[in-house]
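> Based on what follows, work out the 3D shape:
(2 chains)
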Amino acid sequence: MSQKMVWAKKDLLGLEYLSREEIEFILYTASSFKEVTTRQIKKVPALRGKTVVNLFYEPSTRTRMSFELAAKRLSADVINMAVEASSVRKGETLIDTGRNIEALKIDIIVMRHDHSGAPNILARNVRSSVVNAGDGWHEHPTQALLDMFTLKEKLGTIEGLKVSIIGDIAHSRVARSNIWGLTKLGAKVTVCAPPMLIPEGIEKMGVRTTSDIAEALDGADAINVLRMQFERDSAVAFPSRMEYFKQYGITAERLAKCKKDIVVMHPGPINRGIEMSSEVADGGNSVILEQVTNGIAVRMAVLYLVAHAKEAAK
Amino acid sequence: MTLKEKARILDKSSMDKTLERIAHEIIEHFKSIDDIAIIGIKTRGAYLAERLAVKLEHLAGKRPLVGALDITLYRDDLTQASEQPVVHATEIGFAIDGKRVVLVDDVLFTGRTIRCALDALIDFGRPAQIQLAVLVDRGHRELPIRADYVGKNVPTSLKETVEVRIEESDGKDEVVVCDKEAQGMITR
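Below you'll find the predicted structure:
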């Protein structure tokens, strides 16, 4: 395993920009941090004296909480900036906000934004590290990393695995980051969705596409079931929740025809009875809550690596 | 950094005898193996801890608790180190509360590694006692730390390094003193 590697990137913007070795190095580092999260005292001094800001332009509970916990377990100081109540509402630009944060001597900016590419713009304009916590329909790298970490923990390796990503592929940054990461690590990826929710040209990313759920499940080692955003984008292309569940919902009957030890993942929050039945979500194949636990270890690894990469580059 | 080997201070057989003696001293000090935990500092200290455990089992008829500690996250030079240290997992599969811990490392030098290890260990609980065993003490302490069990005292100059090589990680057992060449004066 790539233990000799030196991490040189000050930012984590997406898995598109990382090599296979860099992804494997994050996963290796995360496995060391997982041990820390199982201790009685779940805190190490690695980021003592560093400050992390959670800059969220889009509402989020679980990702923000996970990043906040990860930073606190590394002994960093954390502040949360709720954009609704900030100067952004008074017309401040992204770059100005970034420069102000930098003037406050903040080391790492964890950012979620509704526009694809916003973290890239910020990262180019500040010396602080920028970690993408989800941007538009573009990438959500830490989610994909924790999905891969969980897969590796369950199945030993990513190489050669058949992984199907099911749901609203078109509007999903989780899907895009997973596709980048999984294909780089040698998995065979299938994406499955109603035709209107498969973006044109996605095959170029090295995935197989289908709109037939049986085809997506057949022989799969793992499935990653995405959230249908009926309150937002998904509904335009596929209006009926009932119809979606009937055609694409993961049920016990459908699971019974799959590999016996198929791993069922979901990035949350789940719409029970739309993407999957409660029986599946709470069943023996589901690793949904383990994903949440692993998310902290993966985010600790990312914060640790970008913080110290920056030091080395100075 | 290029190293020029100057003197070999331990070979396979003398390293084994040295560990054997330390094992005897541990038994002599603690009288029994109960509640003793041998915890090695990664990477080479962990291999030495395992070897000591085998010897203690042989002497006392019972295997002590064994663990491995990674101290990377506790280093006081994290923000200064030019090369970023890789974080490895700590493996301590038992509660250390009330245990008598013997911390094991290959070389005792400035004492900073041991300071980190003490911090790391105390985050796991409250041991009854912590002792320190090292294969080589080369002097030049920067902190008030000393070892309870020393394999070999080796007076060195700061222009030298002590290389401990262990079968499990380096392919052979030996300890050599090397001269650092002029360029790139980073120590081990």
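> Nearest residue to residue A:63 in space, please, no chain neighbours.
For residue A:63, ignoring the flanking residues on the chain, the nearest one in space by C-beta to C-beta, 6 or more residues apart in numbering or on different chains is residue A:133 at 5.3 Å. Placement of C-beta: from N, CA and C, glycine included.
> swap in residue A:82?
residue A:56 (7.0 Å).
> gap between residue A:122 and residue A:133?
Applying C-beta to C-beta, to the nearest Å, the value for residue A:122 to residue A:133 is 12 Å.
> about what we covered before: for the residue nearest to residue A:63, pull up the helix or strand it's in.
According to DSSP states H and E, residue A:133 maps onto strand A:129-135.
> what about that strand, average pLDDT?
Mean pLDDT, strand A:129-135: 97.
> Kindly report the same for stretch A:276-294.
Stretch A:276-294 comes out at a mean pLDDT of 97.
> cool, and stretch B:31-46?
94.
> same check, this time on stretch A:81-89
pLDDT averaged over stretch A:81-89 gives 71.
> neighbours around the closest residue to residue A:136 other than its chain neighbours, how many?
The shortest distance from residue A:136 to any non-neighbouring residue, by C-beta to C-beta, 6+ apart, is to residue A:116 (3.3 Å). The tally of other residues near residue A:116 (other C-beta atoms under 10 Å in any protein chain shown) stands at 15.
> pLDDT wise, what is residue A:116 at?
Here the pLDDT value assigned to residue A:116 is 95.
> Quick check, it in contact with residue A:138.
Yes: contact criterion C-beta atoms under 8 Å: residue A:116 and residue A:138 qualify, at 3.6 Å.
> Run through the stretch 51-200 of chain A and note the low-pLDDT ranges.
Within the stretch 51-200 of chain A, the segments meeting pLDDT under 70 span A:85-89.
> could you pull out the strands for chain B?
All strands of chain B, identified by DSSP state E, fall at B:3-10, B:36-41, B:65-69, B:100-108, B:129-137, B:149-153, B:160-165, B:174-180.
> so which of those comes closest to chain A?
Closest approach to chain A among those (C-beta to the nearest C-beta): strand B:65-69, 10.7 Å.
> can you pull the alpha-carbon coordinates of the closest one into CSV?
Extracted in CSV, the C-alpha atoms of strand B:65-69 (Å, rounded to 0.1, in the frame of the first residue of the first chain):
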residue,chain,number,x,y,z
LEU,B,65,-0.6,-8.1,26.7
VAL,B,66,1.0,-6.6,23.6
GLY,B,67,0.1,-3.5,21.7
ALA,B,68,1.5,-1.1,19.1
LEU,B,69,1.3,2.7,19.3
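> Kindly list the longest helix within chain B.
Ranked by residue count and defined by DSSP state H, the top helix of chain B is helix B:12-30.
> Tell me the buried residues in stretch A:287-304?
A:287-288, A:290-292, A:294-304 (16 or more other C-beta atoms under 10 Å in any protein chain shown).
> Which ones among the residues you listed lie within helices?
Of the buried residues of stretch A:287-304, the ones assigned to helices by DSSP H are A:288, A:290-292, A:294-304.
> can you pull out the helices in the stretch 51-200 of chain A?
Ranges of helices in the stretch 51-200 of chain A, per DSSP state H, counting those that start in this stretch, are A:62-73, A:94-103, A:118-125, A:141-155, A:173-184.
> export those helices to JSON lines and tack on mean neighbour count?
Below are those laid out as JSON lines (neighbours: other C-beta atoms under 10 Å in any protein chain shown):
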{"stretch": "helix A:62-73", "mean neighbour count": "21"}
{"stretch": "helix A:94-103", "mean neighbour count": "16"}
{"stretch": "helix A:118-125", "mean neighbour count": "20"}
{"stretch": "helix A:141-155", "mean neighbour count": "24"}
{"stretch": "helix A:173-184", "mean neighbour count": "24"}
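> What is the least confident helix or strand in chain B?
Every helix and strand in chain B was compared by mean pLDDT, DSSP states H and E; the lowest is strand B:3-10, with a mean of 89.
> Tell me how far the residue lying closest to residue A:208 once chain neighbours are set aside lies from chain B.
Among residues not flanking residue A:208 along the chain, residue A:190 sits closest, at 4.6 Å (C-beta to C-beta, 6+ apart). Per C-beta to the nearest C-beta, to the nearest Å, residue A:190 is found 33 Å from chain B.
> Test my guess that residue A:190 contacts residue A:175.
No: under the criterion of C-beta under 8 Å, residue A:190 makes no contact with residue A:175, lying 11.5 Å away.
> Between those two, which contacts overlap?
In terms of C-beta atoms under 8 Å, 6 or more residues apart in numbering or on different chains, residue A:190 and residue A:175 are both contacted by the residues residue A:165.
> Spell out which parts of chain A neighbour chain B.
For chain A, the residues in contact with chain B (C-beta under 8 Å from any C-beta of the partner chain) are A:3-7, A:28-29, A:31-36, A:39-41, A:43-46, A:49, A:74, A:301, A:304-305, A:308-309, A:311-312.
> Could you list the residues in contact with the longest helix of chain B?
Counting by C-beta under 8 Å, 6+ apart, B:10, B:33, B:36, B:48, B:51-52, B:55-56, B:59-60, B:100, B:102, B:131, B:133, B:135, B:148-149, B:151-152, B:172-175 sit against helix B:12-30.
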